[in-house]
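> Below: sequence and its predicted model.
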Amino acid sequence: MDLFDILGPIMVGPSSSHTAGAARIGNMARTLLGTQPRRAAIHLHGSFAETGLGHGTDLAIIGGLLGMKPDDLRIPFALEEAEKEGLEYTLDAVDLRDAHPNTALIELWGDGDAHLEVQACSIGGGAIEVHMLDGIEVFFTGDHNTLVIRNQDEFGTLAAVTTILNQLHINVGNMSVHRDRRGGDALMVLETDQHLKPSQVQFLRELPGVISITYFDKEVETYGT
Amino acid sequence: MALDSIREILDEAHASGTSFWEVVLQADMEERQVTREASMAKMLTTWMAMQEAADAYTGTRKSVSGLVGGDGMKMRQYNFRGEALSGGYVSEVIAEALSMAESNACMRRIVACPTAGACGVMPAVMLPLVKNYDIKQRQILEALYVASGVGIVIAKKACIAGASGGCQAEIGTASGMAAAALVKLRGGSDETAAHAVAMALANLMGLVCDPIAGLVEVPCVKRNVIGAVNAVSAADMAMAGIESFVPVDEVIEAMGEVGRHMPVEYRETALGGLANTPTGRAVKDSMRRL
(Lines give C-alpha, C1' and ligand atoms only; values in the text may rest on other atoms or scores of the structure.)
Protein backbone atom coordinates (compact mmCIF):
# COMPACT_ATOMS: atom_id res chain seq x y z
CA MET A 1 0.00 0.00 0.00
CA ASP A 2 1.35 3.42 -0.88
CA LEU A 3 0.31 6.98 -0.08
CA PHE A 4 -1.93 7.26 -3.09
CA ASP A 5 -3.91 4.19 -2.13
CA ILE A 6 -4.91 6.27 0.90
CA LEU A 7 -5.36 9.56 -0.96
CA GLY A 8 -6.84 7.91 -4.00
CA PRO A 9 -7.60 6.34 -6.32
CA ILE A 10 -9.13 9.12 -8.37
CA MET A 11 -12.22 7.29 -9.56
CA VAL A 12 -15.81 7.44 -10.62
CA GLY A 13 -18.01 6.54 -7.63
CA PRO A 14 -19.63 5.07 -5.72
CA SER A 15 -17.46 2.17 -4.54
CA SER A 16 -13.77 1.39 -4.91
CA SER A 17 -14.51 -2.34 -4.84
CA HIS A 18 -17.80 -2.47 -6.75
CA THR A 19 -17.08 0.30 -9.26
CA ALA A 20 -13.36 1.13 -9.61
CA GLY A 21 -12.27 -2.50 -9.19
CA ALA A 22 -15.00 -3.64 -11.56
CA ALA A 23 -13.76 -1.24 -14.24
CA ARG A 24 -10.25 -2.62 -13.80
CA ILE A 25 -11.54 -6.18 -14.17
CA GLY A 26 -13.25 -5.20 -17.45
CA ASN A 27 -10.10 -3.50 -18.64
CA MET A 28 -7.95 -6.49 -17.73
CA ALA A 29 -10.30 -8.83 -19.60
CA ARG A 30 -10.12 -6.61 -22.68
CA THR A 31 -6.33 -6.60 -22.56
CA LEU A 32 -6.11 -10.35 -22.10
CA LEU A 33 -8.41 -10.92 -25.07
CA GLY A 34 -5.89 -8.93 -27.10
CA THR A 35 -8.45 -7.42 -29.43
CA GLN A 36 -11.62 -5.34 -29.40
CA PRO A 37 -14.35 -7.39 -27.69
CA ARG A 38 -17.52 -7.88 -29.76
CA ARG A 39 -19.58 -9.98 -27.40
CA ALA A 40 -19.42 -10.44 -23.65
CA ALA A 41 -21.23 -12.74 -21.26
CA ILE A 42 -20.80 -11.24 -17.80
CA HIS A 43 -21.60 -13.41 -14.79
CA LEU A 44 -21.57 -11.78 -11.37
CA HIS A 45 -21.11 -13.65 -8.11
CA GLY A 46 -21.87 -12.86 -4.48
CA SER A 47 -22.03 -9.21 -3.51
CA PHE A 48 -21.41 -8.22 -7.14
CA ALA A 49 -24.69 -9.94 -8.04
CA GLU A 50 -26.55 -8.74 -4.94
CA THR A 51 -25.62 -5.05 -4.93
CA GLY A 52 -23.84 -4.66 -8.26
CA LEU A 53 -26.63 -2.87 -10.10
CA GLY A 54 -26.93 -0.31 -7.29
CA HIS A 55 -23.18 0.31 -7.41
CA GLY A 56 -22.91 0.53 -11.18
CA THR A 57 -20.79 -2.66 -11.27
CA ASP A 58 -22.43 -3.58 -14.59
CA LEU A 59 -21.60 -0.17 -16.06
CA ALA A 60 -18.04 -0.30 -14.74
CA ILE A 61 -17.30 -3.76 -16.15
CA ILE A 62 -18.78 -2.91 -19.53
CA GLY A 63 -16.93 0.41 -19.48
CA GLY A 64 -13.74 -1.45 -18.71
CA LEU A 65 -14.36 -3.83 -21.59
CA LEU A 66 -14.60 -0.75 -23.80
CA GLY A 67 -11.23 0.42 -22.51
CA MET A 68 -12.37 2.89 -19.87
CA LYS A 69 -10.16 3.40 -16.82
CA PRO A 70 -11.72 3.72 -13.32
CA ASP A 71 -11.66 7.54 -13.53
CA ASP A 72 -13.42 7.71 -16.91
CA LEU A 73 -16.44 10.00 -16.75
CA ARG A 74 -18.17 7.91 -19.44
CA ILE A 75 -18.62 4.96 -17.05
CA PRO A 76 -22.18 5.99 -16.06
CA PHE A 77 -23.03 5.97 -19.76
CA ALA A 78 -21.26 2.70 -20.58
CA LEU A 79 -24.39 1.02 -21.96
CA GLU A 80 -24.84 3.75 -24.57
CA GLU A 81 -21.12 3.56 -25.39
CA ALA A 82 -21.40 -0.22 -25.80
CA GLU A 83 -24.17 0.23 -28.32
CA LYS A 84 -22.12 2.83 -30.22
CA GLU A 85 -19.06 0.58 -30.33
CA GLY A 86 -21.02 -2.53 -31.22
CA LEU A 87 -20.37 -4.53 -28.06
CA GLU A 88 -23.14 -7.02 -27.31
CA TYR A 89 -23.41 -8.22 -23.76
CA THR A 90 -25.46 -10.35 -21.43
CA LEU A 91 -25.48 -10.01 -17.68
CA ASP A 92 -26.57 -12.55 -15.10
CA ALA A 93 -25.94 -13.85 -11.60
CA VAL A 94 -23.84 -16.93 -11.05
CA ASP A 95 -22.91 -18.97 -7.99
CA LEU A 96 -19.19 -19.73 -8.08
CA ARG A 97 -18.34 -21.91 -5.12
CA ASP A 98 -15.65 -20.61 -2.79
CA ALA A 99 -15.08 -17.50 -4.86
CA HIS A 100 -14.45 -14.08 -3.30
CA PRO A 101 -17.77 -12.22 -2.79
CA ASN A 102 -16.85 -9.61 -5.40
CA THR A 103 -16.14 -11.91 -8.31
CA ALA A 104 -16.95 -11.62 -12.00
CA LEU A 105 -16.67 -14.39 -14.56
CA ILE A 106 -16.46 -12.91 -18.03
CA GLU A 107 -16.63 -14.72 -21.37
CA LEU A 108 -15.42 -12.59 -24.23
CA TRP A 109 -15.47 -12.96 -27.97
CA GLY A 110 -13.51 -10.69 -30.27
CA ASP A 111 -12.81 -10.43 -33.99
CA GLY A 112 -11.99 -13.71 -35.71
CA ASP A 113 -11.76 -16.60 -33.29
CA ALA A 114 -10.53 -14.55 -30.34
CA HIS A 115 -12.14 -15.92 -27.22
CA LEU A 116 -11.37 -15.67 -23.54
CA GLU A 117 -12.86 -16.72 -20.25
CA VAL A 118 -11.57 -14.86 -17.24
CA GLN A 119 -12.52 -14.94 -13.56
CA ALA A 120 -11.36 -12.07 -11.41
CA CYS A 121 -12.30 -10.50 -8.11
CA SER A 122 -12.19 -7.03 -6.64
CA ILE A 123 -10.57 -7.16 -3.22
CA GLY A 124 -11.10 -3.55 -2.08
CA GLY A 125 -9.60 -0.13 -2.68
CA GLY A 126 -9.78 -0.74 -6.43
CA ALA A 127 -7.30 -3.64 -6.29
CA ILE A 128 -8.11 -6.78 -8.29
CA GLU A 129 -6.92 -10.37 -8.60
CA VAL A 130 -7.25 -12.60 -11.64
CA HIS A 131 -7.98 -16.15 -10.51
CA MET A 132 -8.86 -18.13 -13.63
CA LEU A 133 -8.01 -17.89 -17.32
CA ASP A 134 -9.69 -20.22 -19.81
CA GLY A 135 -10.38 -22.70 -17.02
CA ILE A 136 -6.80 -22.70 -15.73
CA GLU A 137 -6.16 -21.39 -12.22
CA VAL A 138 -3.80 -18.43 -12.14
CA PHE A 139 -2.96 -15.58 -9.83
CA PHE A 140 -1.96 -12.06 -10.78
CA THR A 141 -3.08 -8.55 -9.94
CA GLY A 142 -2.32 -6.10 -12.72
CA ASP A 143 -0.19 -4.07 -10.32
CA HIS A 144 2.81 -4.95 -12.48
CA ASN A 145 3.46 -5.30 -16.17
CA THR A 146 2.18 -8.78 -16.89
CA LEU A 147 2.92 -11.21 -19.68
CA VAL A 148 0.45 -14.04 -20.08
CA ILE A 149 1.87 -16.70 -22.35
CA ARG A 150 -0.06 -19.72 -23.58
CA ASN A 151 2.32 -22.42 -24.60
CA GLN A 152 2.52 -26.11 -25.26
CA ASP A 153 3.49 -27.89 -22.09
CA GLU A 154 6.93 -29.06 -23.20
CA PHE A 155 10.44 -28.39 -22.00
CA GLY A 156 12.39 -25.45 -23.30
CA THR A 157 9.68 -22.83 -23.75
CA LEU A 158 10.03 -21.40 -20.28
CA ALA A 159 13.82 -21.22 -20.60
CA ALA A 160 13.56 -19.56 -24.01
CA VAL A 161 11.21 -16.87 -22.73
CA THR A 162 13.26 -16.04 -19.65
CA THR A 163 16.52 -16.04 -21.62
CA ILE A 164 15.14 -13.50 -24.02
CA LEU A 165 13.78 -11.32 -21.20
CA ASN A 166 17.24 -11.47 -19.67
CA GLN A 167 18.80 -10.27 -22.92
CA LEU A 168 16.28 -7.44 -23.09
CA HIS A 169 17.28 -6.42 -19.53
CA ILE A 170 13.78 -7.01 -18.28
CA ASN A 171 13.61 -8.23 -14.72
CA VAL A 172 10.96 -10.76 -13.79
CA GLY A 173 9.47 -9.91 -10.38
CA ASN A 174 7.08 -12.84 -10.13
CA MET A 175 6.56 -15.87 -12.31
CA SER A 176 4.18 -18.77 -12.22
CA VAL A 177 3.37 -21.66 -14.54
CA HIS A 178 0.00 -23.34 -14.73
CA ARG A 179 -1.50 -26.18 -16.73
CA ASP A 180 -4.60 -28.29 -16.69
CA ARG A 181 -2.86 -31.56 -17.58
CA ARG A 182 0.63 -32.74 -18.51
CA GLY A 183 1.48 -32.28 -22.18
CA GLY A 184 -1.57 -30.07 -22.82
CA ASP A 185 -1.78 -26.32 -23.03
CA ALA A 186 0.00 -24.42 -20.32
CA LEU A 187 0.02 -20.84 -19.11
CA MET A 188 2.95 -18.79 -17.99
CA VAL A 189 2.38 -15.59 -16.07
CA LEU A 190 5.37 -13.28 -15.71
CA GLU A 191 5.26 -9.97 -13.88
CA THR A 192 8.05 -7.68 -14.99
CA ASP A 193 9.55 -4.54 -13.49
CA GLN A 194 10.16 -2.90 -16.86
CA HIS A 195 7.71 -2.14 -19.63
CA LEU A 196 7.85 -4.25 -22.79
CA LYS A 197 7.68 -2.72 -26.24
CA PRO A 198 5.17 -4.13 -28.76
CA SER A 199 8.09 -5.35 -30.91
CA GLN A 200 9.53 -7.23 -27.93
CA VAL A 201 6.19 -8.89 -27.22
CA GLN A 202 5.96 -9.82 -30.90
CA PHE A 203 9.43 -11.38 -30.75
CA LEU A 204 8.38 -13.58 -27.84
CA ARG A 205 5.21 -14.49 -29.69
CA GLU A 206 7.26 -16.08 -32.47
CA LEU A 207 9.16 -18.44 -30.20
CA PRO A 208 8.58 -22.16 -30.84
CA GLY A 209 6.09 -23.66 -28.43
CA VAL A 210 4.36 -20.33 -27.79
CA ILE A 211 0.72 -20.40 -28.83
CA SER A 212 -0.24 -16.88 -27.93
CA ILE A 213 0.81 -13.97 -25.76
CA THR A 214 -1.10 -11.12 -24.21
CA TYR A 215 0.64 -8.31 -22.43
CA PHE A 216 -0.88 -6.10 -19.76
CA ASP A 217 1.02 -2.88 -19.32
CA LYS A 218 0.76 -1.66 -15.73
CA GLU A 219 -2.05 0.81 -15.55
CA VAL A 220 -0.89 4.29 -16.38
CA GLU A 221 -2.98 6.92 -14.71
CA THR A 222 -5.03 8.86 -17.15
CA TYR A 223 -6.18 11.65 -14.86
CA GLY A 224 -4.40 14.93 -15.33
CA THR A 225 -2.47 13.86 -18.39
CA MET B 1 11.30 4.55 6.41
CA ALA B 2 8.18 2.48 6.89
CA LEU B 3 5.32 4.53 8.27
CA ASP B 4 4.45 2.19 11.13
CA SER B 5 3.33 4.57 13.84
CA ILE B 6 2.67 8.26 14.37
CA ARG B 7 5.27 8.31 17.15
CA GLU B 8 7.95 6.90 14.85
CA ILE B 9 7.21 9.55 12.24
CA LEU B 10 7.34 12.31 14.87
CA ASP B 11 10.62 10.93 16.25
CA GLU B 12 12.13 10.65 12.80
CA ALA B 13 11.10 14.22 12.02
CA HIS B 14 12.67 15.38 15.28
CA ALA B 15 15.86 13.37 14.75
CA SER B 16 16.34 14.58 11.18
CA GLY B 17 15.41 18.16 12.00
CA THR B 18 12.58 18.10 9.45
CA SER B 19 8.87 17.72 9.96
CA PHE B 20 6.11 15.13 9.76
CA TRP B 21 5.14 15.93 6.19
CA GLU B 22 8.73 15.72 4.99
CA VAL B 23 9.15 12.26 6.53
CA VAL B 24 5.98 11.10 4.76
CA LEU B 25 7.19 12.57 1.48
CA GLN B 26 10.55 10.81 1.83
CA ALA B 27 8.75 7.54 2.57
CA ASP B 28 6.70 7.90 -0.60
CA MET B 29 9.81 8.61 -2.69
CA GLU B 30 11.39 5.49 -1.26
CA GLU B 31 8.31 3.28 -1.54
CA ARG B 32 7.39 4.18 -5.11
CA GLN B 33 10.96 4.92 -6.25
CA VAL B 34 10.08 8.40 -7.48
CA THR B 35 11.69 11.80 -7.25
CA ARG B 36 10.57 14.51 -4.86
CA GLU B 37 9.13 16.44 -7.79
CA ALA B 38 7.20 13.42 -9.09
CA SER B 39 5.70 12.73 -5.68
CA MET B 40 4.65 16.33 -5.20
CA ALA B 41 3.26 16.53 -8.72
CA LYS B 42 1.08 13.52 -8.02
CA MET B 43 -0.09 15.06 -4.76
CA LEU B 44 -0.97 18.24 -6.62
CA THR B 45 -2.89 16.22 -9.23
CA THR B 46 -4.83 14.60 -6.40
CA TRP B 47 -5.65 17.99 -4.90
CA MET B 48 -6.77 19.31 -8.28
CA ALA B 49 -9.01 16.28 -8.71
CA MET B 50 -10.65 17.10 -5.36
CA GLN B 51 -11.22 20.68 -6.43
CA GLU B 52 -12.61 19.65 -9.80
CA ALA B 53 -14.93 17.17 -8.14
CA ALA B 54 -16.24 19.95 -5.90
CA ASP B 55 -16.68 22.34 -8.84
CA ALA B 56 -18.57 19.71 -10.84
CA TYR B 57 -21.33 19.40 -8.23
CA THR B 58 -24.65 20.77 -9.41
CA GLY B 59 -27.10 19.10 -7.06
CA THR B 60 -29.18 17.88 -9.98
CA ARG B 61 -28.08 14.26 -10.15
CA LYS B 62 -29.66 11.36 -8.28
CA SER B 63 -27.86 8.15 -7.38
CA VAL B 64 -28.55 4.98 -9.37
CA SER B 65 -30.98 3.82 -6.69
CA GLY B 66 -32.50 7.28 -6.31
CA LEU B 67 -31.89 7.36 -2.55
CA VAL B 68 -29.61 10.39 -2.47
CA GLY B 69 -28.88 13.59 -4.38
CA GLY B 70 -29.58 17.29 -3.99
CA ASP B 71 -28.95 17.68 -0.24
CA GLY B 72 -25.63 19.46 -0.72
CA MET B 73 -27.46 22.12 -2.71
CA LYS B 74 -30.20 22.41 -0.07
CA MET B 75 -27.54 23.02 2.58
CA ARG B 76 -25.83 25.59 0.39
CA GLN B 77 -29.06 27.50 -0.16
CA TYR B 78 -29.82 27.41 3.56
CA ASN B 79 -26.34 28.76 4.29
CA PHE B 80 -26.79 31.45 1.68
CA ARG B 81 -29.95 32.63 3.43
CA GLY B 82 -27.82 33.11 6.54
CA GLU B 83 -29.96 30.79 8.61
CA ALA B 84 -27.38 28.17 9.57
CA LEU B 85 -26.90 27.71 13.31
CA SER B 86 -23.32 26.65 12.78
CA GLY B 87 -22.71 29.49 10.35
CA GLY B 88 -19.58 30.59 8.49
CA TYR B 89 -16.92 27.98 7.94
CA VAL B 90 -18.67 25.07 9.65
CA SER B 91 -21.84 25.41 7.62
CA GLU B 92 -19.76 25.42 4.45
CA VAL B 93 -18.00 22.28 5.67
CA ILE B 94 -21.39 20.58 6.06
CA ALA B 95 -22.48 21.58 2.56
CA GLU B 96 -19.23 20.45 0.98
CA ALA B 97 -19.26 17.08 2.79
CA LEU B 98 -22.79 16.40 1.56
CA SER B 99 -21.99 17.53 -1.97
CA MET B 100 -18.86 15.44 -2.40
CA ALA B 101 -20.36 12.32 -0.87
CA GLU B 102 -23.40 12.72 -3.13
CA SER B 103 -21.15 13.15 -6.14
CA ASN B 104 -19.64 9.79 -5.28
CA ALA B 105 -23.04 8.14 -4.95
CA CYS B 106 -24.06 9.69 -8.27
CA MET B 107 -21.09 8.21 -10.15
CA ARG B 108 -19.13 11.38 -10.56
CA ARG B 109 -15.34 11.46 -10.33
CA ILE B 110 -14.00 11.77 -6.78
CA VAL B 111 -10.82 11.06 -4.83
CA ALA B 112 -11.23 8.10 -2.48
CA CYS B 113 -9.92 9.29 0.88
CA PRO B 114 -9.26 6.81 2.37
CA THR B 115 -12.27 5.14 0.73
CA ALA B 116 -14.83 6.26 -1.81
CA GLY B 117 -17.56 6.18 0.85
CA ALA B 118 -15.61 8.68 2.98
CA CYS B 119 -14.45 10.85 0.08
CA GLY B 120 -16.30 13.93 1.33
CA VAL B 121 -14.50 14.45 4.64
CA MET B 122 -11.07 15.74 3.57
CA PRO B 123 -12.24 18.12 0.83
CA ALA B 124 -15.07 19.34 3.08
CA VAL B 125 -12.70 20.69 5.69
CA MET B 126 -9.99 21.86 3.28
CA LEU B 127 -11.84 23.55 0.43
CA PRO B 128 -13.76 26.18 2.44
CA LEU B 129 -10.59 27.02 4.38
CA VAL B 130 -8.53 27.45 1.23
CA LYS B 131 -11.28 29.55 -0.32
CA ASN B 132 -11.60 31.95 2.61
CA TYR B 133 -8.03 32.30 3.82
CA ASP B 134 -4.74 33.11 2.18
CA ILE B 135 -3.28 29.64 2.00
CA LYS B 136 -0.36 28.82 -0.29
CA GLN B 137 -0.28 25.77 -2.51
CA ARG B 138 2.79 24.55 -0.64
CA GLN B 139 0.86 24.54 2.64
CA ILE B 140 -1.93 22.55 1.02
CA LEU B 141 0.50 19.92 -0.22
CA GLU B 142 2.15 19.71 3.17
CA ALA B 143 -1.23 19.22 4.82
CA LEU B 144 -2.08 16.47 2.33
CA TYR B 145 1.17 14.65 3.11
CA VAL B 146 0.46 14.88 6.82
CA ALA B 147 -3.07 13.54 6.29
CA SER B 148 -2.02 10.66 4.07
CA GLY B 149 0.78 9.73 6.47
CA VAL B 150 -1.85 9.51 9.21
CA GLY B 151 -4.02 7.39 6.90
CA ILE B 152 -1.19 4.98 6.11
CA VAL B 153 -0.45 4.44 9.80
CA ILE B 154 -4.12 3.76 10.55
CA ALA B 155 -4.35 1.35 7.61
CA LYS B 156 -1.33 -0.53 8.94
CA LYS B 157 -2.15 -0.55 12.66
CA ALA B 158 -5.92 -0.86 12.39
CA CYS B 159 -8.05 -0.82 9.23
CA ILE B 160 -9.70 1.60 6.84
CA ALA B 161 -12.47 -0.51 5.30
CA GLY B 162 -16.04 -0.62 6.60
CA ALA B 163 -16.10 -4.35 5.90
CA SER B 164 -13.13 -4.80 8.25
CA GLY B 165 -13.81 -2.35 11.05
CA GLY B 166 -17.11 -0.54 10.55
CA CYS B 167 -17.70 3.11 9.74
CA GLN B 168 -15.23 4.21 12.44
CA ALA B 169 -12.56 2.77 10.16
CA GLU B 170 -13.74 4.71 7.09
CA ILE B 171 -15.30 7.98 8.28
CA GLY B 172 -13.26 7.77 11.48
CA THR B 173 -9.99 7.48 9.60
CA ALA B 174 -11.00 10.23 7.17
CA SER B 175 -11.86 12.40 10.15
CA GLY B 176 -8.47 11.79 11.78
CA MET B 177 -6.71 12.59 8.52
CA ALA B 178 -8.78 15.75 8.07
CA ALA B 179 -8.10 16.89 11.64
CA ALA B 180 -4.36 16.55 11.05
CA ALA B 181 -4.61 18.46 7.76
CA LEU B 182 -6.51 21.27 9.47
CA VAL B 183 -3.95 21.65 12.22
CA LYS B 184 -1.21 21.78 9.60
CA LEU B 185 -3.08 24.37 7.53
CA ARG B 186 -3.62 26.50 10.65
CA GLY B 187 0.06 26.46 11.47
CA GLY B 188 -0.11 24.05 14.40
CA SER B 189 2.78 21.79 15.32
CA ASP B 190 3.08 18.14 14.37
CA GLU B 191 2.49 17.15 18.01
CA THR B 192 -0.69 19.22 17.97
CA ALA B 193 -1.79 17.46 14.80
CA ALA B 194 -1.20 14.10 16.49
CA HIS B 195 -3.48 15.10 19.36
CA ALA B 196 -6.13 16.20 16.88
CA VAL B 197 -5.97 12.80 15.14
CA ALA B 198 -6.31 11.02 18.47
CA MET B 199 -9.33 13.06 19.52
CA ALA B 200 -11.03 12.76 16.14
CA LEU B 201 -10.65 8.97 16.12
CA ALA B 202 -11.61 8.58 19.76
CA ASN B 203 -14.79 10.59 19.30
CA LEU B 204 -16.05 8.40 16.46
CA MET B 205 -14.95 5.10 17.96
CA GLY B 206 -17.51 2.35 17.64
CA LEU B 207 -19.39 3.86 14.72
CA VAL B 208 -20.97 0.99 12.76
CA CYS B 209 -21.18 0.50 9.00
CA ASP B 210 -24.85 -0.18 8.21
CA PRO B 211 -25.56 0.91 4.64
CA ILE B 212 -29.12 0.46 3.48
CA ALA B 213 -29.28 -2.24 0.80
CA GLY B 214 -25.48 -2.32 0.88
CA LEU B 215 -25.23 0.87 -1.14
CA VAL B 216 -22.80 3.72 -0.40
CA GLU B 217 -25.69 6.14 0.08
CA VAL B 218 -27.70 6.01 3.32
CA PRO B 219 -26.34 6.78 5.87
CA CYS B 220 -22.92 7.20 4.22
CA VAL B 221 -23.52 10.60 2.63
CA LYS B 222 -24.55 12.22 5.92
CA ARG B 223 -21.88 10.37 7.88
CA ASN B 224 -19.36 12.34 5.85
CA VAL B 225 -20.77 15.39 7.61
CA ILE B 226 -20.11 14.05 11.10
CA GLY B 227 -16.62 13.01 10.00
CA ALA B 228 -15.88 16.50 8.73
CA VAL B 229 -17.42 18.46 11.59
CA ASN B 230 -15.76 16.13 14.08
CA ALA B 231 -12.42 16.89 12.41
CA VAL B 232 -13.03 20.61 12.84
CA SER B 233 -13.82 20.28 16.54
CA ALA B 234 -10.84 17.97 17.13
CA ALA B 235 -8.51 20.40 15.33
CA ASP B 236 -9.89 23.35 17.27
CA MET B 237 -9.50 21.54 20.59
CA ALA B 238 -5.93 20.63 19.72
CA MET B 239 -5.10 24.17 18.59
CA ALA B 240 -6.52 25.40 21.91
CA GLY B 241 -3.88 23.32 23.64
CA ILE B 242 -6.20 20.48 24.66
CA GLU B 243 -4.46 17.13 24.53
CA SER B 244 -5.71 13.60 24.02
CA PHE B 245 -5.29 11.69 27.26
CA VAL B 246 -4.53 8.46 25.39
CA PRO B 247 -1.61 8.75 22.93
CA VAL B 248 -2.59 8.65 19.27
CA ASP B 249 -1.02 5.28 18.42
CA GLU B 250 -2.88 3.65 21.30
CA VAL B 251 -6.14 5.21 20.11
CA ILE B 252 -5.50 3.80 16.64
CA GLU B 253 -4.87 0.34 18.08
CA ALA B 254 -8.02 0.61 20.18
CA MET B 255 -10.02 1.52 17.08
CA GLY B 256 -8.61 -1.57 15.36
CA GLU B 257 -9.57 -3.73 18.34
CA VAL B 258 -13.13 -2.37 18.38
CA GLY B 259 -13.31 -3.06 14.65
CA ARG B 260 -12.17 -6.65 15.01
CA HIS B 261 -14.74 -7.28 17.74
CA MET B 262 -17.54 -5.61 15.84
CA PRO B 263 -20.26 -8.12 14.90
CA VAL B 264 -20.39 -8.86 11.19
CA GLU B 265 -23.89 -7.30 11.02
CA TYR B 266 -22.26 -3.90 11.51
CA ARG B 267 -19.47 -4.26 9.00
CA GLU B 268 -20.95 -3.29 5.63
CA THR B 269 -23.06 -6.43 5.32
CA ALA B 270 -26.32 -4.45 5.42
CA LEU B 271 -27.67 -6.90 8.01
CA GLY B 272 -27.86 -4.58 11.01
CA GLY B 273 -28.43 -1.04 12.19
CA LEU B 274 -30.19 1.31 9.78
CA ALA B 275 -30.05 -1.32 7.04
CA ASN B 276 -32.12 -3.63 9.24
CA THR B 277 -34.91 -1.14 10.00
CA PRO B 278 -38.30 -1.73 8.31
CA THR B 279 -37.48 1.22 6.04
CA GLY B 280 -34.05 -0.14 5.22
CA ARG B 281 -35.36 -3.62 4.50
CA ALA B 282 -38.09 -2.22 2.26
CA VAL B 283 -35.49 -0.46 0.14
CA LYS B 284 -33.49 -3.66 -0.14
CA ASP B 285 -36.56 -5.66 -1.18
CA SER B 286 -37.45 -3.17 -3.88
CA MET B 287 -33.94 -2.99 -5.30
CA ARG B 288 -33.13 -4.14 -8.80
CA ARG B 289 -30.80 -7.12 -8.68
CA LEU B 290 -29.53 -9.74 -11.05
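Thanks, I have the structure now.

> Look up how far residue B:115 lies from residue A:14.
From residue A:14 over to residue B:115 the distance is 10 Å, taken as CB to CB, to the nearest Å. Glycine gets a C-beta too; all of them are placed from N, C-alpha and C.

> Over to residue A:29?
Residue A:29 is 25 Å from residue B:115, by CB to CB.

> Surely residue B:155 is in contact with residue B:114?
Yes - here residue B:155 reaches residue B:114: they are 6.8 Å apart, a contact under CB atoms under 8 Å.

> Give me the more crowded residue out of these two.
residue B:114 (33 against 21; other CB atoms under 10 Å in any protein chain shown).

> tell me the phi and psi of the more buried one?
The phi/psi pair for residue B:114 (degrees, to the nearest 10) reads phi -80, psi -10.

> residues in contact with it?
Contacts for residue B:114 (CB atoms under 8 Å, 6 or more residues apart in numbering or on different chains) come out as A:6-7, B:151, B:154-155, B:160, B:170, B:173-174, B:177.

> can you rerun that using 10 Å?
A:1, A:5-8, A:16, A:125, B:121-122, B:147-148, B:150-152, B:154-155, B:159-161, B:169-171, B:173-174, B:176-177 (CB atoms under 10 Å, 6 or more residues apart in numbering or on different chains).

> Which residues does residue A:45 form beta bridges with?
Beta bridges link residue A:45 to residue A:103 when assigned by DSSP bridges.

> didn't it look like it was pressed against residue A:106?
No - contact criterion CB atoms under 10 Å: residue A:45 and residue A:106 do not qualify, at 11.3 Å.

> Now do the nearest residue to residue A:171 once chain neighbours are set aside, the pLDDT please.
Spatial nearest neighbour of residue A:171, excluding adjacent residues (CB to CB, 6 or more residues apart in numbering or on different chains): residue A:193 at 4.4 Å. Looking at residue A:193, its pLDDT is 90.

> Residue A:193 touches residue A:144, doesn't it?
Yes - with contact defined as CB under 10 Å, residue A:193 counts as touching residue A:144 (7.3 Å).

> quick revisit: for the residue nearest to residue A:171, give me its contacts.
A:144-145, A:170-173, A:218, B:33.

> Least confident of those?
Among these, residue A:218 has the lowest pLDDT, at 85.

> quick one on the thing from earlier: now the two most distant members of the contacts of residue A:193.
Farthest pair in those (CB to CB) is A:172 and B:33. Separation: 17.5 Å.

> neighbour-wise, which of these two wins?
residue A:172 (16 against 9).

> so the more buried one sits right up against residue A:161, yeah?
Yes - taking contacts as CB under 10 Å, residue A:172 lies within contact range of residue A:161: 9.3 Å.

> Tally up the residues packed near the nearest residue to residue A:194 once chain neighbours are set aside, please.
Spatial nearest neighbour of residue A:194, excluding adjacent residues (CB to CB, 6+ apart): residue A:170 at 4.7 Å. Per other CB under 10 Å, the neighbour tally for residue A:170 reads 18.

> Now name the helix or strand holding the nearest residue to residue B:128 once chain neighbours are set aside.
In space, and not counting its chain neighbours, residue B:128 is closest to residue B:92: 3.9 Å by CB to CB, 6+ apart. Here residue B:92 sits within helix B:88-105, counting by DSSP states H and E.

> Which elements pack onto that helix?
With contacts taken as 3 or more CB pairs under 10 Å, 6 or more residues apart in numbering or on different chains; DSSP states H and E, helix B:88-105 sits against strand A:10-12, helix B:36-55, helix B:71-80, strand B:109-111, helix B:121-132, helix B:167-185, helix B:220-239.
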